[in-house]
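**Q** pasting the structure only:
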């Protein structure tokens, strides 16, 4: 049981670049619509005004920066059994995979919300939360399978992350709303 708890905590800590990318996109967003203002074949916007190029790349960059800092902390303190890699260049692959994957998942959630008729900024419950976790996990599996298997092979940490994400996501969005970085608290 202790070993499982340790793997869950380690998995959550190592997932921080994916978690940080999303609010990073809110902080850096606002410039250049990801869908260039275009509609999909159903006549609805592809993503909506809330998804911007500056947010996508800025959020990914913030996630990568946090991942690099986390790598260095883990490397120097040996606080965890597992790190993103044995050196910074090796570590950049899983860190970037999770950071970009997180925001691709956010885009997929927005795309899905537009297809089912939800307007940009409307509350999508799990469509606002789980796509970024699942996409970051998929990117990690594709681009860094050895790290994925080392950190998440039993999937228990990912399941716990999926359970923790809705209240964590909601809390961060309430904070962003209070700081006037978001128009809605979800």
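**A** In hand now; what should we look at? Computed from a predicted model, the values in this text were never measured in an experiment. Residues are numbered from 1 along each chain as shown.

**Q** contacting residues for the nearest residue to residue 183 once chain neighbours are set aside?
**A** Nearest residue to residue 183, sequence neighbours excluded (Cβ to Cβ, 6 or more residues apart in numbering): residue 121, at 6.0 Å. Using the backbone N, CA and C atoms, a C-beta is placed for each residue, glycine as well. Residue 121 sits next to 48, 50, 183-184 when contact means Cβ atoms under 8 Å, 6 or more residues apart in numbering.

**Q** Now flag whichever of those is closest to residue 27.
**A** Here the nearest of the contacts of residue 121 to residue 27, counting by Cβ to Cβ, is residue 50; it sits at 13.5 Å.

**Q** tell me the secondary structure for the nearest residue to that closest one once chain neighbours are set aside?
**A** Nearest in space to residue 50, with sequence neighbours left out and distances taken as Cβ to Cβ, 6+ apart, is residue 120 at 5.0 Å. Reduced to three states with DSSP: H, G, I helix; E, B strand; the rest coil, the structure at residue 120 is coil.

**Q** Could you dump the contacts of residue 121 into CSV and include pLDDT and secondary structure?
**A** Below are the contacts of residue 121 laid out as CSV (pLDDT from 0 to 100; DSSP: H, G, I helix; E, B strand; the rest coil):
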residue, pLDDT, secondary structure
48, 92, coil
50, 91, coil
183, 77, coil
184, 76, coil
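
**Q** For the one helix or strand in the chain whose mean pLDDT sits lowest, enumerate the helices and strands it packs against.
**A** The weakest-scoring helix or strand in the chain, judged by mean pLDDT, DSSP states H and E, is helix 156-178 (a mean of 89). When contacts are defined as 3 or more Cβ pairs under 8 Å, 6 or more residues apart in numbering; DSSP states H and E, helix 156-178 sits against helix 2-14, helix 16-28, helix 126-143.

**Q** What helices and strands are in contact with the second one?
**A** Using 3+ Cβ pairs under 8 Å, 6+ apart as the contact criterion, the neighbours of helix 16-28 among helices and strands are helix 53-77, helix 88-115, helix 126-143, helix 156-178.

**Q** what would those helices look like in a markdown table with mean neighbour count?
**A** Listed next are the helices and strands packed on helix 16-28 as a markdown table, based on neighbours: other Cβ atoms under 10 Å:
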| stretch | mean neighbour count |
| --- | --- |
| helix 53-77 | 19 |
| helix 88-115 | 22 |
| helix 126-143 | 20 |
| helix 156-178 | 16 |
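
**Q** ok so, going back, tell me the gap between the least confident helix or strand of the chain and the middle of its chain.
**A** What separates the centre of helix 156-178 from the centre of its chain is 11 Å, taken as Cα atoms, centre = their mean, to the nearest Å.
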